[in-house]
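Here is a sequence together with a model predicted from it:
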2 protein chains.
Amino acid sequence: MKIAQVAPLFESVPPKGYGGTERVVSYLTEALVAQGHQVTLFASGDSLTAAELVPVVDRAIRLDPRRPEWLVWHTVMLDEVFSRAATFDAIHFHVDFLHYPLARVCPAPCVTTLHGRLDLQDLPPLHRHFSEHPLVSISDSQRKPMPSANWCATVHHGLPRDLYRFHAQPDDYFAFIGRVSPEKRLDRAIEIAVRCNTRLRIAAKVDTADQLYFEHHIRPLLAHPLVEFVGEIGECEKNDFIGRARALLFPIDWPEPFGLVMIEAFACGTPVVAYRCGSVPEVMRDGITGVIVEHQDEAVAAARSIGRIDRRRCREEFERRFTSATMAARYVEVYQTLIGTRSNLPWQPMPAEMAQ
Amino acid sequence: MKIAQVAPLFESVPPKGYGGTERVVSYLTEALVAQGHQVTLFASGDSLTAAELVPVVDRAIRLDPRRPEWLVWHTVMLDEVFSRAATFDAIHFHVDFLHYPLARVCPAPCVTTLHGRLDLQDLPPLHRHFSEHPLVSISDSQRKPMPSANWCATVHHGLPRDLYRFHAQPDDYFAFIGRVSPEKRLDRAIEIAVRCNTRLRIAAKVDTADQLYFEHHIRPLLAHPLVEFVGEIGECEKNDFIGRARALLFPIDWPEPFGLVMIEAFACGTPVVAYRCGSVPEVMRDGITGVIVEHQDEAVAAARSIGRIDRRRCREEFERRFTSATMAARYVEVYQTLIGTRSNLPWQPMPAEMAQ
């Protein structure tokens, strides 16, 4: 199958640092190539891929000191995509909504994975307007603000099978990983660890927007002798950081559409103590890959007895449900369905002869 | 001729307050209707027009307390425009560049007036990419950063003939009107007036971004007894404010692509003392509609002897060159040229049969 993947240009694919969407696009692209598909990746020129790369800008926009205007380059990218559209069997967008008007007149079927939260006021009317455009959610939970949009599938994220190693024997600490922002509730994680009398190692970055929150609400808590603030860590260090933990603490307080760190933990064999929020009940199997909780007392009890969770079962769940190969296979089903149903689309492109 | 006008959604057409682009789109639209054309205006729903209005949002985005996401609604607008494209003889965009990829596959000829400054690093490569898209500049001076873009005309802005009244006898003051920002050089205007021992009346607004500049550089100058700071004024008040002035001072220090206030002054019969910058030498006729200067001594001398300028000649220049009827006639020529040359376009839309 000839497939186009259209990534945001903010980060390279995969990203050098943070960047959830571009990482997932990378995993998907490489898995599709590995499964024998002919993939064209539209992304920044500093991306690394086994697919054919169409480099729209020299380097990822967020790291470019010239501060390029993102909308200019995403507009150019759409033109690059649509000028080649007739050569693809399917075009898969990961760039929000800019392409919707063009998709209507596109000779190839288009599909968009929405990677962000959808509880923003303008998104429901936008998707009512473009109600024929096929959408993929990254969790069922993500759909809640727009239940009647044109969803054609939920496809959970996946990771390359060998990106994380199974760790059979953990050390004696809990891990927290992610941004330090109010909705991630690092404060809850610290309380859980302290009440369990267990070390908490924190790998987290503090965005400029969260600096005040960090200073006022988090820094005072870091003085506790059980708490170690490691700072931001790279992909290589994550393997051991997560894998050696007795449990990953994921006490979020917002409807996160997909918590990638949960499946990273599963891949390492590390069980997760997670609050029932957003995609958590879909991604976790309660009692199998960790424990789902609703308040701190439950969380503390779950963390204390986390040794009862079989780390091998966590890894098995990962291999069964959350590899990038599984994700790619699911997307190929989506592409095939789209190609099959395309002749039923209500709206047809205007024939060129109508011009003038 | 069936013409679409595509306005930004930030302000209504015409705007309730500030908003240069939407004002010009309004003048153009009404003049085209008056000349017998069938015009469709894509704009916010609180716009007022004799054309057929396609209301994309209920009200102008900048004044909507719900703070709509502008990119969502401009994307929806492009879809509204292109879904009706085959019914127009020409489509005229005033919304920067979002529509360039769609214009390539559009059954009607498209043209874009660039209303802003063009000395931004991403604009030349953007316009090299979309090198076939026809552009209109609002002054020849505006083109300087992109001399080899696909310019098909310069069309100066125009005002409705009767919007401003001729004022034969001025009062004894100079006028300054516009934003208080460093590049407008209100400080120069104050110095000129003080050195001429003439009152300066200032009708200006201070944007949030310019608040510090205002406090540090301008407020101390306002204490002078010859200086009167009127604040922001409406369209109705502008007529007398400008018309009763002996001269308008326009001592700008940036390449303003088109200084609308200059032609407002001409319409009132008020001569202008302007620095040689941006569009000034194209819009002014030195010695006829005012004086073009290059430093403060020249400006003071020009302002002192401004009585030598015949106010009636200023009004005549306005009526000859800067009415909205003239602007509309020039644009109709542009549309006609585009319709004539469209068959020579290098790029043709892909026929629907190529799909799949």
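Looks like it arrived, so ask away.

Give me the pLDDT for the spatially closest residue to residue A:59 that is not a sequence neighbour.
Among residues not flanking residue A:59 along the chain, residue A:46 sits closest, at 4.5 Å (C-beta to C-beta, 6 or more residues apart in numbering or on different chains). All C-beta atoms are positioned from the backbone trio N, CA, C, and that covers glycine. Predicted confidence (pLDDT) for residue A:46: 96.

Then residue A:353?
The model's pLDDT for residue A:353 equals 41.

same check, this time on residue A:20
84.

Is it in contact with residue A:261, as I believe?
No. Look at residue A:20 against residue A:261 with C-beta atoms under 8 Å: they stay out of range, at 10.0 Å.

do you know how far residue A:27 is from residue A:325?
The gap separating residue A:27 from residue A:325 is 10 Å, by C-beta to C-beta, to the nearest Å.

Looking at the two, which has the bigger crowd around it?
For residue A:27 and residue A:325, the more surrounded residue by other C-beta atoms under 10 Å in any protein chain shown is residue A:27, and the numbers stand at 22 against 18.

was I right about that one contacting residue A:159?
Yes. If you go by C-beta under 8 Å, residue A:27 and residue A:159 touch, sitting 6.1 Å apart.

hey, where'd the strands end up in the stretch 151-300 of chain A?
Counting by DSSP state E, counting those that start in this stretch, the stretch 151-300 of chain A has strands at residues A:151-154, A:173-179, A:199-205, A:227-229, A:247-250, A:272-275, A:290-293.

Helices along chain A, start to end?
Remark: helices assigned in chain A by DSSP state H are A:20-34, A:70-83, A:100-104, A:123-129, A:186-195, A:211-213, A:235-243, A:260-268, A:280-283, A:296-304, A:311-321, A:324-341.

To residue B:199, which of these lies closest?
Smallest distance to residue B:199 across the helices of chain A (C-beta to C-beta): 45.4 Å, for helix A:70-83.

Does the closest one reach chain B?
Yes. Contact of helix A:70-83 with chain B (C-beta under 8 Å from any C-beta of the partner chain) involves A:71, A:72, A:73, A:75, A:76, A:78, A:79, A:82, A:83.

For that helix, buried residues please.
A:72, A:73, A:74, A:75, A:76, A:77, A:78, A:79, A:80, A:81, A:82 (16 or more other C-beta atoms under 10 Å in any protein chain shown).

I'd like those residues laid out as JSON lines, including distance to residue B:267 and pLDDT.
Compiled in JSON lines, these are given as follows (distance: C-beta to C-beta, whole Å; pLDDT from 0 to 100):
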{"residue": "A:72", "distance to residue B:267": "36", "pLDDT": "98"}
{"residue": "A:73", "distance to residue B:267": "41", "pLDDT": "98"}
{"residue": "A:74", "distance to residue B:267": "41", "pLDDT": "98"}
{"residue": "A:75", "distance to residue B:267": "37", "pLDDT": "98"}
{"residue": "A:76", "distance to residue B:267": "41", "pLDDT": "98"}
{"residue": "A:77", "distance to residue B:267": "45", "pLDDT": "98"}
{"residue": "A:78", "distance to residue B:267": "42", "pLDDT": "98"}
{"residue": "A:79", "distance to residue B:267": "41", "pLDDT": "97"}
{"residue": "A:80", "distance to residue B:267": "46", "pLDDT": "97"}
{"residue": "A:81", "distance to residue B:267": "48", "pLDDT": "97"}
{"residue": "A:82", "distance to residue B:267": "45", "pLDDT": "96"}
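
Would you point out the most distant pair within these?
A:72 and A:82 (16.4 Å).

Close to chain B: what parts of the stretch 51-200 of chain A are there?
A:66, A:68-69, A:71-73, A:75-76, A:78-79, A:82-83, A:85-86, A:89, A:97-98, A:100-102, A:104-105, A:107-109, A:120-123, A:125-126, A:129-130.

Tell me the buried residues within those residues.
Judged by 16+ other C-beta under 10 Å, buried ones among those: A:68-69, A:72-73, A:75-76, A:78-79, A:82, A:85, A:89, A:97-98, A:100-102, A:104-105, A:107-109, A:122-123, A:126, A:129-130.

and residue A:205, bridged to which residues?
residue A:179 (DSSP bridges).

count of neighbours near it?
15.

Might one say that it is in contact with residue A:231?
Yes. Between residue A:205 and residue A:231 a contact is recorded at 7.3 Å, counting by C-beta under 8 Å.

Endpoint to endpoint, stretch A:266-279 covers what distance?
15 Å (C-alpha to C-alpha, to the nearest Å).

Off-centre distance for it?
14 Å (C-alpha atoms, centre = their mean, to the nearest Å).

That one: which residues count as buried?
In stretch A:266-279, counting by 16+ other C-beta under 10 Å, buried: A:266-275, A:277-279.

and what of stretch A:220-231?
Neighbour-count burial for stretch A:220-231 [16+ other C-beta under 10 Å]: A:221, A:227, A:229.

just these now: which is nearest residue A:8?
Looking across those and measuring by C-beta to C-beta, the closest to residue A:8 is residue A:229, at 29.8 Å.

Since that was my last question, I'll sign off now.
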